[in-house]
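> Task: produce atomic coordinates for the following.
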Amino acid sequence: MTAVAGGERRRLPVVAIIGVGLIGGSLGMAWRRVKGAARVIGVEPDPAGAAAAVELGAVDELRELPEAVAVADVVVVATPVGQIGQVLREVAAAARPGAVVTDTGSTKVQIHQAAAAAGLAPGVIFLGGHPLAGSEASGVRAADPYLFENAFYIITAEEDAPPAAVGRLEELVRRTGAVPHRMTPAAHDRLVAAVSHLPHAVAAALVNAAVRVAGHDAAFLRFAAGGFRDTTRVAGSNPALWRQILLSNSAEVLQALRAFGEELAAVAQALETGDATALESWLGRAQENRRALPHHRRGLLAPVWELVVQVEDRPGAIAAVTRVLAEGQINLREIEILHLREGEGGSLLLGVDSDEALERSLQLLRAAGFTARGRQP
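Numbers count the residues shown, from 1 in each chain. Model (predicted):
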């Protein structure tokens, strides 16, 4: 099987995915959906997960690890971070010269060290990988072929990595809908400590602190605002998985936590002394820093233009709103229910990707009789 790009016909790669869970399964589904690989071979030791991977179309077939790796042009290790080192040693024993081996772990320095120690044969190239997309859910039944659409997919490579191997992986990444971005392993770990690992630790700390302050009273859950739920959503992720992630990037996470602690100490001091000027300055600095983020690029902090639409509490109310926008060719980036009260209705928060889409959405919804307002990013 071949692909055509720029008038050149190339053979599509055979891809082996070791660990067909949320990420591995989503990659397999994405490549199979667009015919981006000649074959997708899964390696999944859990019988239930293996059966689901075939049932859901995440892989073309299942094999044992040595057989899958031996015929693969690209090997993707999508196991939990704590297992990647051992899996790389098993891959090294079976990978053929010319193969590209990559992973999907959320830390990179330790994994590159593990790859260097695994004994990969000459001609077998290791490139780190980390798709900046995911879910609080886990397992192949949570997999989604569109999970990586417009998401950054970081590729980490040593300076002497062969350009052809990097190009092959970048092309596979693009076929999932993701945007490849290359950086060093150290730069990656510093980045994710700030934008992923620190927020996860903070979300967990926020939930624990709120329960300590408010107790387990049912009123606590009832009065928790949408902002609290949004801020703490990732705290519902798999604790065992995140234990591995945080420990594997502990030096960078500790540095990020110290910086966060200094920020908390600053606001605590302002509150203790009643220093309104310092408090407003602290909040203003955060606002300015947030606005200065590069909103023109797609990624974790890309801007979203929001619509707030009033809806009734009745079956089909949400579908009626989305139908109007779908018929008007409006692509929704986000959707969330706000303040929905039984018998009274509430609001629907929708996100679109441009000012033009926002204005067009407001026109369509108001023409259809809905009360809606817009919010700039």
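> for the chain, which spans come out with low pLDDT?
1-10, 136, 217-226, 293-303, 338-346, 376-377 (pLDDT under 70).
> Could you look up the SS state of the most centrally placed residue in it?
For the chain, the residue nearest the mean C-alpha position is residue 133 (1.4 Å; Cα atoms, centre = their mean). Secondary structure, DSSP: H, G, I helix; E, B strand; the rest coil: residue 133 is coil.
> Am I right that it is in contact with residue 144?
No. Using Cβ atoms under 8 Å, residue 133 is not in contact with residue 144, being 9.1 Å away. From N, CA and C alone the C-beta is placed, and that goes for glycine too.
> shared neighbours, the two?
Common neighbours of residue 133 and residue 144, counting by Cβ atoms under 8 Å, 6 or more residues apart in numbering, are residue 26.
> Tell me which residues touch residue 159, please.
Residue 159 touches nothing, counting by Cβ under 8 Å, 6+ apart.
> Repeat the analysis, applying 10 Å as the threshold.
Residue 159 makes contact with residue 184 under the criterion Cβ atoms under 10 Å, 6 or more residues apart in numbering.
> Apart from its chain neighbours, what residue comes closest to residue 175?
Setting aside the residues directly before and after it, residue 175 is nearest to residue 36 in space (Cβ to Cβ, 6 or more residues apart in numbering), at 3.4 Å.
> So residue 127 versus residue 138, what's the distance?
Going from residue 127 to residue 138 by Cβ to Cβ, to the nearest Å gives 25 Å.
> The two - which one has more neighbours?
Higher neighbour count among residue 127 and residue 138: residue 127, with 23 against 16, using other Cβ atoms under 10 Å.
> my read: the more buried one touches residue 103, true?
Yes. Residue 127 lies in contact with residue 103 (Cβ atoms under 10 Å); the separation is 8.7 Å.
> Next, show the common contact partners of those two.
Common neighbours of residue 127 and residue 103, counting by Cβ under 10 Å, 6+ apart, are 112, 115, 156.
> Next step: those restricted to strands.
Using DSSP state E, the subset of those located in strands is residue 156.
> Can you show me the CA trace of stretch 26-41 as PDB?
Output in PDB follows, covering the C-alpha atoms of stretch 26-41 (Å, rounded to 0.1, in the frame of the first residue of the first chain):
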ATOM      1  CA  SER A  26      -6.800   6.400  19.700                       C
ATOM      2  CA  LEU A  27      -3.700   6.400  17.600                       C
ATOM      3  CA  GLY A  28      -4.700   3.100  16.000                       C
ATOM      4  CA  MET A  29      -8.200   4.300  15.300                       C
ATOM      5  CA  ALA A  30      -6.900   7.600  13.800                       C
ATOM      6  CA  TRP A  31      -4.400   5.800  11.400                       C
ATOM      7  CA  ARG A  32      -7.000   3.200  10.400                       C
ATOM      8  CA  ARG A  33      -9.600   5.900   9.800                       C
ATOM      9  CA  VAL A  34      -7.500   7.800   7.300                       C
ATOM     10  CA  LYS A  35      -5.600   4.700   6.000                       C
ATOM     11  CA  GLY A  36      -2.400   6.200   7.300                       C
ATOM     12  CA  ALA A  37      -0.700   2.900   7.900                       C
ATOM     13  CA  ALA A  38      -0.500  -0.300   5.800                       C
ATOM     14  CA  ARG A  39      -1.400  -2.300   8.900                       C
ATOM     15  CA  VAL A  40      -1.800  -1.500  12.600                       C
ATOM     16  CA  ILE A  41      -0.800  -4.400  14.800                       C
END
